[in-house]
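>>> Provide a 3D model corresponding to the input given below.
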Amino acid sequence: MKTWFTYAICLGFMGIMNAQASNTVMEEKLPYYPNETYFTTEVIGLGEDFILDHWQQYVLDHGGRSEILGYEKGDFQMVSKDVRFTPLDDETVTINMKMAPNAAETGVNLSINVKKDDGTYLSPRGQDKAMAQKLEKWLLDFNQGLTRLEKQEVFNHVIQKGK
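Numbering: from 1, shown residues only. As a prediction, this is how the structure comes out:
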């Protein structure tokens, strides 16, 4: 009876842990930027430095250049210009990126918005709906890729240490 109860508790905790993985992208408008839609994903278990390094590498690999707009109390803002953005068929765009600790402080909320060359912002409404869906899929893939990279880096460190 005790063994069955222990297994039931473990399965319950496993369900809770799996529920923490972010499989969604939230869309939000900020009151002081009414024309911009931010797409946000929650990157759990990774720090801002790790995410920032890989974000910057993506920007550089796609011809962009970045400028830090601000950093205060864990909130970080950056603008990346002239980025050939793969979800939008390599269209050159400006990406505004924000990072902030999530509410539970177990990870980071990564938020981006995309400004196209014509000065409009990518929106999940109207003609941009298909592009917004591509962006959401890309953001989730980027999130999951960061998690895989982190696990691989830890694995490589353990292997090197064992030699």
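>>> going forward, measure contacts between C-alpha atoms and count neighbours the same way
Fine.
>>> Against Phe39, how distant is the nearest residue to Met97 once chain neighbours are set aside?
The shortest distance from Met97 to any non-neighbouring residue, by Cα to Cα, 6 or more residues apart in numbering, is to Ile112 (4.5 Å). Separation of Ile112 from Phe39 (Cα to Cα, to the nearest Å) stands at 5 Å.
>>> And Lys151, by the same measure?
25 Å.
>>> Equivalent analysis for Tyr121, please.
Applying Cα to Cα, the value for Tyr121 to Phe39 is 12 Å.
>>> and the residue lying closest to Leu88 once chain neighbours are set aside, what does it touch?
Leaving aside its sequence neighbours, Leu88 sits nearest to Met131 (Cα to Cα, 6+ apart; 6.4 Å). Contacts for Met131 (Cα atoms under 8 Å, 6 or more residues apart in numbering) come out as 87-88, 122, 124.
>>> Make a markdown table out of the residues you listed and add secondary structure, distance to Glu67 and neighbour count.
As requested, the contacts of Met131 are exported to a markdown table (DSSP: H, G, I helix; E, B strand; the rest coil; distance: Cα to Cα, whole Å; neighbours: other Cα atoms under 10 Å):
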| residue | secondary structure | distance to Glu67 | neighbour count |
| --- | --- | --- | --- |
| Pro87 | helix | 22 | 16 |
| Leu88 | helix | 22 | 16 |
| Leu122 | coil | 21 | 21 |
| Pro124 | coil | 26 | 17 |
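>>> Quick one: these as TSV, columns for distance to Ser80 and pLDDT too.
Formatted as TSV, the contacts of Met131 follow (distance: Cα to Cα, whole Å; pLDDT from 0 to 100):
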residue	distance to Ser80	pLDDT
Pro87	16	88
Leu88	15	89
Leu122	15	87
Pro124	21	78
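>>> Now do whichever helix or strand Gln152 is part of: distance to the chain's middle.
Element membership for Gln152 (DSSP states H and E) is helix 129-162. Put simply, helix 129-162 sits 9 Å off its chain's centre (Cα atoms, centre = their mean, to the nearest Å).
>>> Next, the buried residues of it.
Applying a neighbour-count criterion of 16 or more other Cα atoms under 10 Å, the buried positions in helix 129-162 are 131-132, 135-137, 139-140, 142-144, 146-147, 150.
>>> wait, Ser123 sits on Gln133?
No - contact criterion Cα atoms under 8 Å: Ser123 and Gln133 do not qualify, at 9.8 Å.
>>> ok, which stretches of this structure are helices?
For the chain, the helices defined by DSSP state H cover 2-19, 48-61, 129-162.
>>> Compare these and say which comes out lowest on pLDDT.
The minimum mean pLDDT among the helices of the chain belongs to helix 2-19 (a mean of 48).
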